[in-house]
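Trainee: coords below, sequence missing:
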C-alpha cells in the first residue's frame, strides 16, 4: 500500500513536554497538508507545503507549533510545551494538483495525541 | 464569512432505506467541493470531487450532486457497512480548505 503514512499512531505525553509527528506522503505528491481534528468536528486546517516551501499557516496556529518538510518529501509537525487543549487527532494529507485543477487530498490514518 | 454547514448532524436509517445528506456553503471563489467518508479513529477516505454546478458523480450506492449553494450525497439502499461519518469540504480560490462538521450515518440491519 503506497498511501499516506503517519507515525506514531498514538502519543500520550505530559503537559509541558514537546512532541513530534511524522508524515510520509504518497511518493509523487508535491503538496502536503496538516490538519487537527477534535471529537465531533471536521478537520481544521493548520498548514501546507508545496514541495519544501511552507506556503500557508492558519491564523489559529500557535507559535508553539512548527512544521518542516525538508527536501520536499516527508514532513514533521512539532508541538512545544504541550497543553491539554492540544489533545486531538493530527491528520496529514497529500495531493498532486494538475495546473488549474482542484486539489484532491488523500489522508493518512492520523496521530492521536493525548496530553495529560 | 466563509461557512460550510452539514445536515443532519446524525442520521439513522434502516438497511435499504434511501436518503440524502446535505452540505450547504456560503463561500466566495469556490474551486471545488469534496466528499469524504470517515470511520471512527481513522483518517478521512476520499469519495468525490465536484467542480461546477450541475455536476454529478456516482460510486456504488453513493451519488453526489452540486448546485450553486449546496451539495447532496444520496445514499441508495444503504447497507450496515455504509455506517460512518460523511464530511464535505470546500476549496476556495486562495487554496484555503474548510470542512463541515460531518453527518454521522448509522445503518441498522
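Mentor: Perfect, I can see it now. The model shown is predicted, which means the values in this text are computed figures rather than measured ones.
Trainee: can you pull the contacts of residue 7?
Mentor: I'll assume chain A. Contact partners of residue A:7, counting by CB atoms under 8 Å, 6 or more residues apart in numbering or on different chains, are A:21, A:22, A:111. Heads up, the C-betas are built off the backbone N, CA and C, glycines and all.
Trainee: sorry, should have said chain B
Mentor: Contact analysis of residue B:7 by CB under 8 Å, 6+ apart lists B:21, B:22, B:24, B:103.
Trainee: In ChimeraX, select just the buried ones from these.
Mentor: In ChimeraX syntax, the buried subset of the contacts of residue B:7 is picked out as below (16 or more other CB atoms under 10 Å in any protein chain shown):
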select /B:21,24,103
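Trainee: need the residues of chain A near chain B, please.
Mentor: Contact residues, chain A versus chain B (CB under 8 Å from any CB of the partner chain): A:4, A:6, A:33, A:40-45, A:48, A:55-56, A:91, A:93, A:102-110, A:112.
Trainee: rerun at 10 Å
Mentor: Taking CB under 10 Å from any CB of the partner chain as the contact definition, chain A meets chain B at A:3-4, A:6, A:9-10, A:31, A:33, A:35, A:37, A:40-45, A:48, A:50, A:55-56, A:58, A:89, A:91-93, A:95, A:97, A:100-112.
Trainee: re earlier: which pair in the contacts of residue B:7 has the greatest spatial separation?
Mentor: B:24 and B:103 (12.1 Å; CB to CB).
Trainee: Pull up the overlap in contacts between those two.
Mentor: B:6, B:7, B:88 (CB atoms under 10 Å, 6 or more residues apart in numbering or on different chains).
Trainee: Apart from its chain neighbours, what residue comes closest to the first one?
Mentor: The shortest distance from residue B:6 to any residue other than its chain neighbours is 3.8 Å, reached at residue B:100 (CB to CB, 6 or more residues apart in numbering or on different chains).
Trainee: which ones are touching that neighbour?
Mentor: By CB under 10 Å, 6+ apart, the residues touching residue B:100 are A:41-42, B:3-7, B:21-25, B:86-90.
Trainee: any weak-confidence spans in the chain?
Mentor: Since you didn't name a chain, this refers to chain A. Residue ranges of chain A with pLDDT under 70: A:1, A:98-102.
Trainee: Oops, wrong one, chain B.
Mentor: For chain B, applying pLDDT under 70 flags the ranges B:1-2.
Trainee: all strands in it, in order from the N-terminus.
Mentor: Assigned by DSSP state E, chain B shows strands spanning B:3-7, B:10-14, B:19-26, B:30-38, B:45-50, B:56-59, B:62-66, B:70-75, B:84-92, B:97-99, B:103-108.
Trainee: Please spell out which residues along the last one are buried.
Mentor: What it means is strand B:103-108. Using 16+ other CB under 10 Å as the test for burial, strand B:103-108 gives B:103, B:104, B:105, B:107.
Trainee: Pull up the pairing partners for it, direction included.
Mentor: According to DSSP bridges, strand B:103-108 forms sheet pairs with strand B:10-14 (parallel), strand B:84-92 (antiparallel).
Trainee: Most neighbours among the contacts of residue A:7, which one?
Mentor: For the contacts of residue A:7, neighbours were counted using other CB atoms under 10 Å in any protein chain shown, and residue A:111 has the most, 23 neighbours in all.
Trainee: Please name the bridge partners of the residue nearest the centre of chain A.
Mentor: The residue lying closest to the centre of chain A (CA atoms, centre = their mean) is residue A:34, at 2.8 Å. When bridges are called by DSSP bridges, residue A:34 pairs up with residue A:47, residue A:92.
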